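*Asks:* Sequence and computational prediction follow.
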Amino acid sequence: MPIEFEGVRISWLGHDAFRLKDEKTIYIDPYRIKGKEAADVILVTHEHFDHLSVEDINKISSERCVIVAARPCAGQLARVRAKEIKYVKPGDELEVEGIRIKAVPAYNTTKFREPGRPFHPKDAGGVGYVVTMKGISIYHTGDSDFIPEMRGLKVDVLLVPVSGTYVMTAEEAASAANAIMPRLAIPMHYGTIVGSEKDAEHFKRLAKCEVRIPTRED
């Protein structure tokens with residue numbers, strides 16, 4: 001079942017993938033989804049295979065769909081169906097289908113492939129998104145650590161990774177949530193590649209805001 005929050009239905013589709021729905025249907029980072037419902041808008045945070053999946057995007061996209069993606073995604077998205085593709089960098093703001101979208105920096109400060117080489121470098125151009133629909137602001141952090149840019153954000157719903165390795169650990173995610181203090185936090189980035197529901201449960205114990213652990217939907 002989706003998580004209902006003041007008229008917006010928030011469905012976790014596994015890993016970092018979500019579907020947000022009111023009158024419009026928005027997908028974020030679709031990956032290994034069934035694709036039962038067509039998208040009005042698709043958001044892609046960065047170019048890694050588990051966030052930019054052309055196969056999954058084509059399950060839900062059409063000639064009426066608008067895709068918003070971080071600029072490094074440009075080469076791969078040439079192969080998808082869409083009415084329009086808009087490329088963004090951190091700090092960009094736009095309106096698509098009546099939905100306000102802000103691109104927020106997303107990068108690692110403590111997760112490295114090797115010394116000096118983060119999995120998600122700041123200069124790589126990856127983003128998170130603050131999506132505002134029906135007056136509700138929903139922040140999907142993308143693949144990120146708890147970074148200074150998060151401290152000034154005021155949002156209603158926080159979608160935050162908890163698995164560690166490539167993104168925040170449960171402890172770091174709780175620190176981010178406790179700094180932002182959303183009205184609701186939903187953990188993500190576990191159960192597919194790294195992490196498990198135990199990470200989500202640990203995050204819930206540490207966070208000072210309301211936390212709902214989602215049930216994965218098809």
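*Replies:* Right, received. Where do you want to start?
*Asks:* tell me, how many neighbours does Ile26 end up with?
*Replies:* By other CB atoms under 10 Å, 25 other residues sit near Ile26. Yep, even glycine has a C-beta here, placed from its N, CA and C like the rest.
*Asks:* From Glu114, how far out is it?
*Replies:* Applying CB to CB, to the nearest Å, the value for Ile26 to Glu114 is 36 Å.
*Asks:* Would you check how far apart the nearest residue to Arg64 once chain neighbours are set aside and Glu197 are?
*Replies:* In this structure, Arg64 finds its nearest non-sequential neighbour in Lys83, 5.4 Å apart by CB to CB, 6 or more residues apart in numbering. Distance of Lys83 to Glu197, computed by CB to CB: 37 Å.
*Asks:* Could you look up the SS state of the residue lying closest to Ser61 once chain neighbours are set aside?
*Replies:* Nearest residue to Ser61, sequence neighbours excluded (CB to CB, 6+ apart): Arg81, at 4.8 Å. Following DSSP: H, G, I helix; E, B strand; the rest coil, we place Arg81 in the coil state.
*Asks:* wait, doesn't the residue nearest to Arg64 sit right on Val68?
*Replies:* No. Using CB atoms under 8 Å, Lys83 makes no contact with Val68, being 11.9 Å away.
*Asks:* for this structure, where's the lowest mean pLDDT among helices and strands?
*Replies:* strand 112-114 (a mean of 85; mean pLDDT, DSSP states H and E).
*Asks:* Show me where this structure has its helices.
*Replies:* For the chain, helices defined by DSSP state H occupy the ranges 54-60, 74-77, 170-180, 197-206.
*Asks:* if you compare the ones you listed, which one is most tucked away?
*Replies:* Ranked by mean neighbour count, these are led by helix 170-180 with a mean of 21 (mean count of other CB atoms under 10 Å).
*Asks:* Give me the distance between it and the centre of its chain.
*Replies:* Centroid displacement of helix 170-180 relative to its chain, using CA atoms, centre = their mean, to the nearest Å, is 16 Å.
*Asks:* export it as PDB, just CAs?
*Replies:* Extracted C-alpha coordinates of helix 170-180, given in PDB (Å, rounded to 0.1, in the frame of the first residue of the first chain):
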ATOM      1  CA  ALA A 170      21.400   4.600   9.200                       C
ATOM      2  CA  GLU A 171      23.100   6.800  11.800                       C
ATOM      3  CA  GLU A 172      24.100   9.400   9.300                       C
ATOM      4  CA  ALA A 173      20.600   9.400   7.800                       C
ATOM      5  CA  ALA A 174      19.200  10.000  11.300                       C
ATOM      6  CA  SER A 175      21.600  12.900  11.700                       C
ATOM      7  CA  ALA A 176      20.300  14.400   8.400                       C
ATOM      8  CA  ALA A 177      16.700  13.800   9.400                       C
ATOM      9  CA  ASN A 178      17.200  15.400  12.800                       C
ATOM     10  CA  ALA A 179      18.800  18.400  11.200                       C
ATOM     11  CA  ILE A 180      16.100  18.800   8.600                       C
END
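*Asks:* Okay, angle between it and helix 197-206 too, please.
*Replies:* Here helix 170-180 runs at an angle of 40 degrees relative to helix 197-206 (axes from the mean of the first three to the mean of the last three CA atoms, to 10 degrees).
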